[in-house]
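**Student:** Mind looking at a prediction? Sequence and model below.
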Amino acid sequence: MSTVSASCFLDEMLAAWTLCEREVVRFLRQRARVLAAIGTPLLFWAVLGSGLGRSFRVDNGGASDGYLRYFFPGAILMTVLFTAIFSAISLIEDRREGFMQGVLVAPVSRFAIVLGKVLGGTLVATAQGALMLALAPFCGFRPSLGGAALAVGAILLTAFAMTCVGVAFAWRIASVQGFHAVMNLVLFPMWLLSGALFPASGASGWIRSLMAIDPATYYLVLLRAGLGDSAPFDPALSAGIGIVFAGAAYLTAWRMACRTKQIPQ
């Protein structure tokens, strides 16, 4: 019995890994998507950072940082958020092309299907975030080895959670255009209120309240902590909140997949 269970588990993991590998290969073959995912945050970082650099100073534990330095973790967060969430578009494309219908009738659980799609998006978003992270020394960051590991862990956790959010929405949305519209409505406020553009200490009370309930705020806190910056929340608390949100997002994506009886065309 245990041998049968182990065999079933391995089959599920093999199916999940196959879907994950397919996501990565598909991404690497789309060069425009690779360039846009990295180029857009870099452009935002360079233009906003340079434009506001002389008029925006951030107090970082007694030291005054330039805006280019302050905004850099926010640019990394932007890379990860956008790449992770929009990787779920492949689910809609697979449905339109008939591939997903074939996957859904295969003897594989919805849990493994969701896991494969989420892991694929997570790997792609983490790789792009790590590429941005490699530029940190040019912005004045000198993270320790432990700090760099924490920053990579923050990127990985963010990528996983946001891919789950994208996959959860993609199960219920029929068109790529509709997915873009809904995700932009969710994604931009989430990123703007994360503390990527401005610190919570200088914001009005209602903005600080919104920032406190924004899960992206806590992922950015972890990232800043890894890079050695001060943060408005305790990193351990932020890690706990981030893990809980990621778990809830995955369960939501799984539930959405289980409830999808008729696939929207």
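**Tutor:** Happy to help now that I have it.

**Student:** Where does pLDDT dip in the stretch 51-200 of the chain?
**Tutor:** 52-65 (pLDDT under 70).

**Student:** Okay, helices next: where are they in it?
**Tutor:** All helices of the stretch 51-200 of the chain, identified by DSSP state H, counting those that start in this stretch, fall at 67-86, 89-97, 99-104, 110-133, 145-170, 176-192.

**Student:** so how far is the first one off the chain centroid?
**Tutor:** When you say that, I think you mean helix 67-86. Centroid separation between helix 67-86 and its chain, computed with CA atoms, centre = their mean, to the nearest Å, is 10 Å.

**Student:** ok, now the third one?
**Tutor:** In terms of CA atoms, centre = their mean, the centre of helix 99-104 is set 25 Å apart from its chain centre.

**Student:** Then the fifth one?
**Tutor:** The chain centroid and the centroid of helix 145-170 are separated by 5 Å under CA atoms, centre = their mean.

**Student:** Give me the helices and strands touching that helix, please.
**Tutor:** helix 67-86, helix 89-97, helix 110-133, helix 176-192, helix 215-227, helix 235-259 (3 or more CB pairs under 8 Å, 6 or more residues apart in numbering; DSSP states H and E). Bear in mind the C-beta positions are built from the backbone N, C-alpha and C, glycine included.

**Student:** can you put those helices in CSV and add mean neighbour count and distance to Gln30?
**Tutor:** Formatted as CSV, the helices and strands packed on helix 145-170 follow (neighbours: other CB atoms under 10 Å; distance: least, CB to CB, whole Å):
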stretch, mean neighbour count, distance to Gln30
helix 67-86, 26, 11
helix 89-97, 18, 10
helix 110-133, 23, 10
helix 176-192, 15, 14
helix 215-227, 26, 25
helix 235-259, 17, 23
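
**Student:** tell me the contacts of Leu28?
**Tutor:** Each residue near Leu28 by CB atoms under 8 Å, 6 or more residues apart in numbering is listed here: Val34.

**Student:** Could you rerun that using 10 Å?
**Tutor:** Val34, Val124, Ala127 (CB atoms under 10 Å, 6 or more residues apart in numbering).
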